[in-house]
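Engineer: for reference, the sequence and a predicted model appear below.
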Amino acid sequence: MSVLARQIAPSARLLTPVTTAPACLLPRHFSVLNRPQPNYPGHIPLTFIERGALAVGSAVGSLINPRRGDLIATLGEATATPYFIYRLRDAMLSDATGRRILRDRPRITSSTMPLPYLRSLPENSVGRTYAAWLDREGVSPDTRSQVQYIDNEECAYVMQRYRECHDFYHAVTGLPIFVEGELALKAFEFLNTLIPMTGLSLFAMVRLKPAERERFFSLHLPWAVRSGLASKELINVYWEEVLEKNVDELRRELNIEAPPDLREIRRMIRRQQKEEKQRMGQQTA
Amino acid sequence: MASRSMWRSLHYSAKRRVVSPAQYRCFSCSLRAQDQGKTDSEKMTHFGFTNVPESQKESLVGAVFSSVASSYDTMNDLMSLGIHRLWKDHFVRTLNPGSPLARRHNETEGQGWNILDIAGGTGDVAFRMLDHATNVNHDRQTRVTIADINPDMLAEGKKRSIATPYYNTGRLSFMEANAQTMPSIPDNSVDLYTVVFGIRNFTDKQAALNEAFRVLKPGGVFACMEFSKVNNDLFNAVYKRWSFSAIPLIGQVVAGDRDSYQYLVESIEKFPSQEEFRAMIHKAGFMIPGRGYEDLTGGIAAIHKGVKPLA
C-alpha cells in the first residue's frame, strides 16, 4: 500500500482506495433508545437519519450565523463518513510521519503549545507565526471542540488533529483572518484533505461583497487549486517538531505556493481609489 | 450514551462551585477520618440516567439551566412544536387566578390572590396568571412572587417583565429560593402555589411538597404541571424517539448544547408516573380533588392538583 502511494502522483491521491469497509454503510443495528457504548470519551453514536439531520441543521445554522464555530465542527463530523475520513486516515498511515503521529497522538492545547515559548522563537519561524496569528485573532488553542460524532476511534483522532492544526495552516499559508482569507484557506484544505465540510464552507461565499467575490474567483481559487493539488498532505506534518523551522522553507518543502498577499492587494486598491478621488477633485476644481 | 463525559463537562463548567465534601477531623487518626468520605456515606440520586451524590445534583442542574436560560423559550417552542403555549394557557385558565375567594374571617388583606410561582424563572406562567387575573377577572390586586433557584433564569424573567404592565409594581416580585426550604415565606400565607416544568429537577421532591403544604393557606391550592407518562403505547414509541433523538439534536444545532437537552429528556424519563406523583402529593398532606391529575396531549404533560385541608 505504501509503495503504491509513493509511486502514485500527488493528484491521483484522490483516487487511492480505502483499506477498510466504511462501517457506517452497514445497516445500523441500534435504535436511538438503545445506543451502543461509546468508543471513546465523548463519543455519541448516531443513526444515519440523525447524522443526516445534523449535517443539514449545522450547514444551515452555520450559514445563518457564521460565528457558530461549533456548528462548523459538527458539520465536519457529520459529513466525514462514509468515505472521506477513512481516506484521510489512510493517507496518514501511508506516510512515515503520519504513522508516527497516529502512534503518538499529540494534542495541541495551551499546555502542550506554550505561547510564551512560541513568541520567543525567531521571527519567521513556524512557531512564532502561529503565536502571532493566535494573538491577532484573540483565540487560544483550547477553543477547538472535541470530536463526538465519528464512530471509529482512530478516525476521531484524525479529525481532532485536523481541527487543531487548522491554525497552523493559517500560519504556513499566510492567509489573513478576514472572510476572504478563510474561504481561500478552506478551498486549499478541501483539495488537500478532501474533508467535505471544507468544500461545503465555500457556500459562504454568498456572504462576500462583489469585489471580494471577484477577487476570490480570479486570484484565490486558482491559487488554492494549484497549491492544494501540488502540495503534500498537510495532515502528515508533525507540527510540534517543525516549530523552529523557517516558514518559507517549510512552504517550499510542502510545495505550497505563497498565496497572493491579501493585505498588499487591499492596500494597493485603497491607494488607487484615493488617487482616483484626488484626480476627480482636481478636475472639478 | 456520553453520560460520563456529560457529567464531567457539566461538573467542571458549573457556574456554581461545588463545595468539596472533604471532612477534616481533629485529633483523630482513624482511617475513616482521613478518608475523603465521598460516595459511601452520601445518598445518591439520579441526574438523568446517571447517579450522582445528592449534594452535587443541585449544582449540576444549576449548570444546565444557566446554560439554557437565554434560548429557553426558543427551545421550548422547537421541542414541543409550540404546544407548550397551549398547555400553559390551559393550566392558567383552569386555575382561574383572581376569581373571588371565600374570605376567612381573620384575614385583613385585600381581595387579590397571593400566588407563589416556583421554578418560574423566565416568568411565562407568572405573566399569564397576572394577565388572566387582570383582564378576565378584573382583579388588579392579585400578586405573584416568582421564585427560582437559578439566578440566570431569574435574570431572564426580570428582563422579560420590563415589557409587561407589571414591571416595577407591587404585583410582581422575584425571589431566589430553593423550593425545599423557604424560611422567608411565612406559614399559611399563599393562596396558590404553582410549579410548572420544574419539580422534576428538584433533588428532593417530597421535601418541596412538604414545604408547599406549609406555606399554603388552608383551602389553598397546589398546582403542578409536569411531563408525565404517555398512556398510549404507539404514541409513546413515537414520542420517546422524538425525545431521545430529535431534542438533543435540536439542542445541539439551535443552542449549541446537546448535553443539557439530553439531561432534560432523561429527567423526564425518570419522573414518577401520574399515580405515583399523586400519592406523593397526598403524602404531603394535601387533599386530592377528583382524580387528582389531568393528562394533556395524551399524557406527555399532566396537571396535578392538591388542596390543603381546612384546619
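Structural biologist: Structure received.

Engineer: where does pLDDT dip in the stretch 1-150 of chain A?
Structural biologist: Low-confidence segments of the stretch 1-150 of chain A (pLDDT under 70): A:1-29.

Engineer: now do the helix or strand harbouring B:T194, average pLDDT.
Structural biologist: Counting by DSSP states H and E, the element that carries B:T194 is strand B:190-196. For strand B:190-196, mean pLDDT rounds to 95.

Engineer: that one packs against which elements?
Structural biologist: helix B:83-95, strand B:114-118, helix B:124-131, helix B:205-215, strand B:216-227 (3 or more CB pairs under 8 Å, 6 or more residues apart in numbering or on different chains; DSSP states H and E). Any C-beta I mention is one placed from the backbone N, CA and C, and that applies to glycine too.

Engineer: quick one: strands adjacent to that strand?
Structural biologist: Taking DSSP bridges as the criterion, strand B:190-196 forms sheet pairs with strand B:114-118 (parallel), strand B:216-227 (parallel).

Engineer: most packed of the ones you listed?
Structural biologist: strand B:114-118 (a mean of 26; mean count of other CB atoms under 10 Å in any protein chain shown).

Engineer: quick revisit: would you turn the strands paired with strand B:190-196 into TSV with distance to B:Q274 and mean pLDDT?
Structural biologist: Below are the strands paired with strand B:190-196 laid out as TSV (distance: least, CB to CB, whole Å; pLDDT from 0 to 100):
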stretch	distance to B:Q274	mean pLDDT
strand B:114-118	20	95
strand B:216-227	10	94
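
Engineer: does residue 62 belong to a helix or a strand, and which?
Structural biologist: All of this refers to chain A. Per DSSP H and E: helix A:48-64 holds A:S62.

Engineer: ah, no, chain B please
Structural biologist: Assessed by DSSP H and E, B:G62 sits inside helix B:54-68.

Engineer: quick one: average pLDDT of the next helix or strand after that helix?
Structural biologist: Where DSSP H and E defines the elements, the next helix or strand beyond helix B:54-68 is helix B:72-80. Over the span of helix B:72-80, the pLDDT mean works out to 83.

Engineer: just put the helices and strands packed on strand B:190-196 in a markdown table and tack on distance to B:T45.
Structural biologist: Shown next, in a markdown table, are these (distance: least, CB to CB, whole Å):
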| stretch | distance to B:T45 |
| --- | --- |
| helix B:83-95 | 26 |
| strand B:114-118 | 19 |
| helix B:124-131 | 26 |
| helix B:205-215 | 10 |
| strand B:216-227 | 17 |
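
Engineer: on that earlier part again, would you list the strands paired with strand B:190-196 in CSV and tack on distance to B:I149?
Structural biologist: Converted to CSV, the strands paired with strand B:190-196 look like this (distance: least, CB to CB, whole Å):
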stretch, distance to B:I149
strand B:114-118, 9
strand B:216-227, 16
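
Engineer: contacting residues around B:G251?
Structural biologist: B:M75, B:D257, B:R258, B:S260, B:Y261, B:Q262 (CB atoms under 8 Å, 6 or more residues apart in numbering or on different chains).

Engineer: pLDDT check: weakest of the residues you listed?
Structural biologist: Note: of the contacts of B:G251, the lowest pLDDT belongs to B:M75, at 82.

Engineer: just checking, what packs against the longest helix along chain A?
Structural biologist: Identified as the longest helix of chain A according to DSSP state H is helix A:262-284. Packing partners of helix A:262-284 (3+ CB pairs under 8 Å, 6+ apart): helix A:179-193.

Engineer: report the buried residues of the helix it packs on.
Structural biologist: A:180-193 (16 or more other CB atoms under 10 Å in any protein chain shown).

Engineer: and A:R226, how far from A:V172?
Structural biologist: From A:R226 across to A:V172, the span is 16 Å (CB to CB, to the nearest Å).

Engineer: nope, B:K305 is what I meant
Structural biologist: From B:K305 to A:V172 the distance is 67 Å (CB to CB).

Engineer: could you tell me which residues of the stretch 151-300 of chain B lie near chain A?
Structural biologist: Within the stretch 151-300 of chain B, the positions near chain A by CB under 8 Å from any CB of the partner chain are B:K240, B:R241, B:F244, B:S245, B:A246, B:L249, B:I250, B:Q252, B:V253, B:V254, B:G256, B:R258.

Engineer: so which of the residues you listed sit within strands?
Structural biologist: Of these, none are assigned to strands by DSSP state E.

Engineer: get me the contact residues on the stretch 51-200 of chain A for chain B.
Structural biologist: Contact residues, the stretch 51-200 of chain A versus chain B (CB under 8 Å from any CB): A:A53, A:L54, A:G57, A:S58, A:G61, A:R68, A:D70, A:L71, A:T74, A:Q148.

Engineer: the closest residue to A:L219 other than its chain neighbours: neighbour count?
Structural biologist: Distances taken as CB to CB, 6 or more residues apart in numbering or on different chains place A:P260 nearest to A:L219, at 5.0 Å, with adjacent residues excluded. If you count neighbours by other CB atoms under 10 Å in any protein chain shown, A:P260 ends up with 16.

Engineer: quick one: A:P260 is in a helix?
Structural biologist: No - inclusion of A:P260 in a helix is not indicated when DSSP: H, G, I helix; E, B strand; the rest coil is applied; the result is coil.

Engineer: which residues touch it?
Structural biologist: Contacts of A:P260 (CB under 8 Å, 6+ apart): A:L219, A:H220, A:W223.

Engineer: which ones are touching B:Q252?
Structural biologist: If you count contacts by CB under 8 Å, 6+ apart, then B:Q252 has A:L54, A:G57, A:S58, A:T74, B:R258, B:Y261 around it.

Engineer: which among these gets closest to B:S55?
Structural biologist: B:Y261 (24.4 Å; CB to CB).

Engineer: output the host helix or strand of that closest one as CSV, nothing but the C-alphas.
Structural biologist: Applying DSSP H and E as the criterion places B:Y261 in helix B:258-270. These are the backbone C-alpha positions of helix B:258-270, laid out as CSV (Å, rounded to 0.1, in the frame of the first residue of the first chain):
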residue,chain,number,x,y,z
ARG,B,258,-26.5,18.8,23.4
ASP,B,259,-25.8,17.6,26.9
SER,B,260,-28.3,19.9,28.6
TYR,B,261,-31.1,18.7,26.4
GLN,B,262,-30.0,15.1,26.9
TYR,B,263,-30.3,15.7,30.6
LEU,B,264,-33.7,17.2,30.2
VAL,B,265,-35.2,14.2,28.3
GLU,B,266,-33.6,11.8,30.7
SER,B,267,-35.0,13.6,33.7
ILE,B,268,-38.5,13.4,32.0
GLU,B,269,-38.0,9.6,31.8
LYS,B,270,-37.0,9.4,35.5
